[in-house]
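Undergrad: Got a predicted structure here, sequence first:
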Amino acid sequence: MEKKEFQKWDFIHMIQMLYYVKDIPATLKFFHSLLAINAKMLIILVSGISGWNKLWKKYGSRLPQDDLCQYVTSSDLTQMLDKLGIKYECYDLLSTMDISDCFIDGNENGELLCDFLTETCNFNTTAPPDLKAEIMKDLQESEFSVKKEGKVLFNNSLSFIVVEA
């Protein structure tokens, strides 16, 4: 059987998209194979040190499972790359997101932020009350967010992973 040759690329980026891929290791392996000599692949996704990582690890199994989102962070991805024997460097970009509106009853922006954080449409009205209370409490804890000047700032840190050919 003849092996199909694909065009080689000097740069491939995967920015905030691996959450929506079913077989991440196979995807990494395939796109890595498309890199030309001395080429790079840039992957950006949430950091393993972010509030996202803690939120997904703690609550992912209790949130809706019918969406396309994979709860993958840089910690998961670097383990996959190590297993595949692919060389990379990982850099964290520390950032926060103001989620103060989430804690104001009836605030439309806050309700949309809760939907975004939980990957759940109409989270405030559809989530079981105990789950909602637990998540809302945790989002204010130091492992998820910092409180500064009366605001709740969620740890929204990202990782930039530079993969070598």
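TA: Good, I have the coordinates.

Undergrad: Which parts of this structure are strands?
TA: If DSSP state E is used as the criterion, the strands of the chain fall at 9-15, 35-46, 88-93, 96-98, 145-148, 151-155, 158-164.

Undergrad: Centre of the chain to the shortest one, how far?
TA: In terms of Cα atoms, centre = their mean, to the nearest Å, the centre of strand 96-98 is found 15 Å from the chain centre.

Undergrad: go on, stretch 6-13?
TA: The answer for stretch 6-13 is 24 Å, by Cα atoms, centre = their mean.

Undergrad: and if you look at stretch 101-114?
TA: Worked out by Cα atoms, centre = their mean, stretch 101-114 lies 21 Å from the chain centre.

Undergrad: Give me the buried positions along it.
TA: For stretch 101-114, a neighbour-count test (16 or more other Cβ atoms under 10 Å) marks Asp101, Cys102, Gly110, Glu111, Leu113, Cys114 as buried. In short, each C-beta sits where N, CA and C put it, glycine included.

Undergrad: do stretch 137-148 as well
TA: In stretch 137-148, counting by 16+ other Cβ under 10 Å, buried: Asp138, Leu139, Gln140, Phe144, Ser145.

Undergrad: coming back round to it: is it possible to get the strands of the chain out as JSON lines so that each row also shows mean pLDDT and distance to Gln79?
TA: Formatted as JSON lines, the strands of the chain follow (pLDDT from 0 to 100; distance: least, Cβ to Cβ, whole Å):
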{"stretch": "strand 9-15", "mean pLDDT": "97", "distance to Gln79": "16"}
{"stretch": "strand 35-46", "mean pLDDT": "97", "distance to Gln79": "13"}
{"stretch": "strand 88-93", "mean pLDDT": "97", "distance to Gln79": "11"}
{"stretch": "strand 96-98", "mean pLDDT": "97", "distance to Gln79": "26"}
{"stretch": "strand 145-148", "mean pLDDT": "96", "distance to Gln79": "26"}
{"stretch": "strand 151-155", "mean pLDDT": "97", "distance to Gln79": "21"}
{"stretch": "strand 158-164", "mean pLDDT": "97", "distance to Gln79": "12"}
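
Undergrad: so can I have CSV of those strands showing distance to Leu131?
TA: Shown next, in CSV, are the strands of the chain (distance: least, Cβ to Cβ, whole Å):
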stretch, distance to Leu131
strand 9-15, 31
strand 35-46, 21
strand 88-93, 29
strand 96-98, 21
strand 145-148, 18
strand 151-155, 18
strand 158-164, 27
